[in-house]
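S.K.: starting from these lines, generate the structure:
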Amino acid sequence: MSRPVMIENFLRPPRTMSAVVADAVRLCGLLSIVVAALWFELTDAGILAFALPALVAPRFVGVRPSFDIACGVTVLIAAWSNVVDLYRSVPSWDIPVHLVCTGVLAALAYIAAARVGIVPLPGAAGFRRRTGLIVTTAFGLAFAALWEIVEWVGKAFVDSILVTYDDTIGDMAVGGVGALIAGILVARVRLTAERPRGTGGDVDREDASGVTPSR
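M.R.: Next up, the predicted model:
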């Protein structure tokens, strides 16, 4: 997928209710930054702004609206959990967040890489399920490591974030499991927007069949 097509995807008006909901989640992300800047700390607004790329990327790469919504909601929950200090106030809250957030970001990363020709798009000629599984899991492990690096930077230079060896290893392990699950989904379930026959672009229409053809 060329850069102009990705821009066209981003600018395309929503055509289904689920696509409208996905855009509403993106708007909530933008408003969250304003709310955090006005009523919380500037560092909190920065944390929410850090989540913006993950909110807008699904529109650029043309994923299904349902997956778009899942990405947006998951990323916002992860960001707001930091702002309202859920990671410290609720024991083990970071486990489901690391599991789900790492998974959706890993799947999104695979689709983005496929759109620019780095890996084959699920369902396209040359795609193998093992490719989706292995590459998505690798993306997720990389994100899990990056997440822990960001937490260490926050502890060292910004705030008193809880970072211990056991917590770091545990979070990375949970993130890896989430990435593995995401890899299975990428291999077996269609996460991209439907491409109708006779057209050159993806549209945001959900259909009944979401299973990637076996190869």
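
S.K.: between the two ends of stretch 8-23, what distance do you get?
M.R.: Using Cα to Cα, to the nearest Å, one end of stretch 8-23 lies 15 Å from the other.

S.K.: what sits against L38?
M.R.: By Cβ atoms under 8 Å, 6 or more residues apart in numbering, L38 lies in contact with nothing. The C-beta positions use only the backbone N, C-alpha and C, and glycine is treated the same way.

S.K.: pLDDT at it, what is it?
M.R.: Listed pLDDT for L38 reads 95.

S.K.: what distance separates the strand or helix carrying it from the centre of its chain?
M.R.: Here L38 sits within helix 17-39, counting by DSSP states H and E. Chain-centre distance of helix 17-39: 15 Å, with Cα atoms, centre = their mean, to the nearest Å.

S.K.: and the helix or strand following it, which residues are buried?
M.R.: Under the assignment DSSP H and E, the closest C-terminal helix or strand after helix 17-39 is helix 42-50. Neighbour-count burial for helix 42-50 flags D44, A45, I47, L48, A49 (criterion: 16 or more other Cβ atoms under 10 Å).

S.K.: C-alpha coordinates for helix 42-50, CSV please?
M.R.: Output in CSV follows, covering the C-alpha atoms of helix 42-50 (Å, rounded to 0.1, in the frame of the first residue of the first chain):
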residue,chain,number,x,y,z
LEU,A,42,1.6,18.0,32.2
THR,A,43,3.5,14.7,32.4
ASP,A,44,0.1,13.0,32.4
ALA,A,45,-0.9,14.9,29.2
GLY,A,46,2.4,13.7,27.8
ILE,A,47,1.6,10.1,28.6
LEU,A,48,-1.7,10.4,26.8
ALA,A,49,-0.1,12.1,23.9
PHE,A,50,2.3,9.2,23.6
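
S.K.: returning to that earlier point: can you pull the buried residues of the helix holding L38?
M.R.: In helix 17-39, counting by 16+ other Cβ under 10 Å, buried: S18, A19, V21, A22, D23, V25, R26, G29, S32, I33, A36.
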